[in-house]
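Chemist: structure for this input, please:
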Amino acid sequence: MTLFLTDADVRAAFDWADAIAALRSAYGAPPDETRFPSRTMARGDGLWLRTLSGVPGDGGPMGAKLIAASIRNRRASYLIPLFDQESVELTALLDGHSITGFRTAATSALAADLLAPVGPLHVAVIGSGFEAQNHVRALAAIRTLSSVTVFSPNPASRTRFTQELADLGLPLATAESAEAAIADADLVICAARSRDEQPTLRKAPAGATVVSIGSTLPEQRELATEVIARAKVIVADMVEEVAHDTGDMIAAKEAGADFAGKVVSLADVVSGRTTGRPAHDPDAVVIYKSVGSAAQDLAVAAMCTRRAAELSLGTELPVTISPVSK
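Modeler: As a prediction, the model looks like this:
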């Protein structure tokens, strides 16, 4: 039978620690670029359909995430089908809306755990919305946070951010500028693009780890060229897309910044094939830059499906899509 999970089912089944563990397993699998091809995008008349697909190397379900969006109506729908690798049967269909936010934050937390200094972290967050809040929750599941300071241009949004995260029991503070927020930070989370596509982070503190999730297309900006140029290492979830298709990296290259040899894959860091943070340079700035990938979607979707079955969540569809012989 095929299990269908609504967005409410996904949120009820989701667990941060389990998601991060699933992602660690997915990124620790032997490298094989053919398993996760570049995303595709179909466009037409104010509409686009994006497809991210993959066959995980850890044996988890293969599948895809489809995102259908209307630019005119400012609406989007997300669908994730999962197929068993052995039987190729359709085992689950999931509303992928919340998974998109969950997997981004959980992957960032995995990267930050590997790249940030050992011990309790002072965290600065640029942005106050859904993604920003998810990042704090994900980090709190894997590391001890000494403090969290948020900056967002709207004071009401900053206050709402602290109220929404009060259940974590963390020291939460607000700042009136990005510069004030990052002053004493070990870890800087950039989770908001500016409305005019100007960088929201213009400098990075010495020794900081910077997580950047808001520049995923050529026209989008989040990190200033100075931040990119200063970084000793740039860890990417999708190396080619981060290096060539994101606005921050395109702008840095046009400004003459040399990041050749600096960009390494998250999979190589997770597996130990390469080192993320330089061992003998405490002032090194390290960036984790994300555009999202099917590896993340499928790992978290499979985890939610497993937990949903254990918790008796979801609906078994009254039809079966059976494989056919080829």
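Chemist: show me what contacts C304?
Modeler: 5, 9-10, 13-14, 94, 99 (CB atoms under 8 Å, 6 or more residues apart in numbering). To be clear about C-beta, it is placed using only N, CA and C from the backbone, and glycine gets the same treatment.
Chemist: cool, and P282?
Modeler: If you count contacts by CB under 8 Å, 6+ apart, then P282 has G207 around it.
Chemist: also Q198?
Modeler: Counted by CB under 8 Å, 6+ apart, Q198 has contacts R221.
Chemist: and S215, which helix or strand is it part of?
Modeler: Per DSSP states H and E: S215 is located in neither a helix nor a strand.
Chemist: that one against T246, yeah?
Modeler: Yes: taking CB atoms under 8 Å as the definition, S215 is a contact partner of T246 at 4.8 Å.
Chemist: returning to that earlier point: among the contacts of C304, who's most crowded?
Modeler: Most neighbours among those, by other CB atoms under 10 Å: L94, with 30 neighbours.
Chemist: now do the contacts for A231.
Modeler: Contacts of A231 (CB under 8 Å, 6+ apart): 204, 210, 259, 262, 285-287.
Chemist: closest one to P117 out of the residues you listed, please.
Modeler: V286 (10.1 Å; CB to CB).
Chemist: wasn't A112 part of a helix?
Modeler: Yes: using DSSP: H, G, I helix; E, B strand; the rest coil, the assignment for A112 is a helix.
Chemist: roughly how far does P37 sit from L82?
Modeler: 18 Å (CB to CB, to the nearest Å).
Chemist: just S265 next, same as before
Modeler: In terms of CB to CB, S265 sits 24 Å off from L82.
Chemist: list the strands paired with the one helix or strand V210 maps to, with their directions.
Modeler: Assigned by DSSP H and E, V210 falls within strand 209-212. Strand pairing for strand 209-212, using DSSP bridges, gives strand 187-190 (parallel), strand 286-289 (parallel).
Chemist: okay if I get those strands as TSV plus mean neighbour count and distance to E222?
Modeler: Converted to TSV, the strands paired with strand 209-212 look like this (neighbours: other CB atoms under 10 Å; distance: least, CB to CB, whole Å):
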stretch	mean neighbour count	distance to E222
strand 187-190	28	5
strand 286-289	28	9
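Chemist: pretty sure P205 is touching A183, no?
Modeler: Yes: counting by CB under 8 Å, P205 sits close enough to A183 to count as a contact (7.1 Å).
Chemist: quick one, strands of the stretch 151-300 of the chain?
Modeler: Using DSSP state E, counting those that start in this stretch, the strands of the stretch 151-300 of the chain run over residues 172-174, 187-190, 209-212, 233-236, 263-265, 286-289.
Chemist: who's in contact with the closest residue to A301 other than its chain neighbours?
Modeler: Once flanking residues are discounted, A301 sits nearest to I80: 4.8 Å by CB to CB, 6 or more residues apart in numbering. Contacts for I80 were tallied using CB under 8 Å, 6+ apart; they are 63-66, 92-96, 99, 297-298, 301.
Chemist: what about 10 Å?
Modeler: 5, 10, 52, 61, 63-67, 92-97, 99-100, 294, 297-298, 300-302, 304-305 (CB atoms under 10 Å, 6 or more residues apart in numbering).
Chemist: can you check A116 too?
Modeler: Applying CB under 10 Å, 6+ apart, the residues near A116 are 123, 139, 143, 186-187, 207-209, 211, 276-277, 286, 288.
Chemist: one more time with 7 Å
Modeler: 186-187, 209 (CB atoms under 7 Å, 6 or more residues apart in numbering).
Chemist: one step back: could you dump the contacts of C304 to JSON lines with secondary structure and pLDDT?
Modeler: Formatted as JSON lines, the entries for these read as follows, by DSSP: H, G, I helix; E, B strand; the rest coil; pLDDT from 0 to 100:
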{"residue": "L5", "secondary structure": "strand", "pLDDT": "98"}
{"residue": "D9", "secondary structure": "helix", "pLDDT": "98"}
{"residue": "V10", "secondary structure": "helix", "pLDDT": "98"}
{"residue": "A13", "secondary structure": "helix", "pLDDT": "98"}
{"residue": "F14", "secondary structure": "coil", "pLDDT": "98"}
{"residue": "L94", "secondary structure": "strand", "pLDDT": "98"}
{"residue": "I99", "secondary structure": "helix", "pLDDT": "96"}
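Chemist: what about the helices in the stretch 51-200 of the chain?
Modeler: 97-115, 130-140, 155-164, 178-182 (DSSP state H, counting those that start in this stretch).
Chemist: so which of those is the most surrounded?
Modeler: helix 97-115 (a mean of 25; mean count of other CB atoms under 10 Å).
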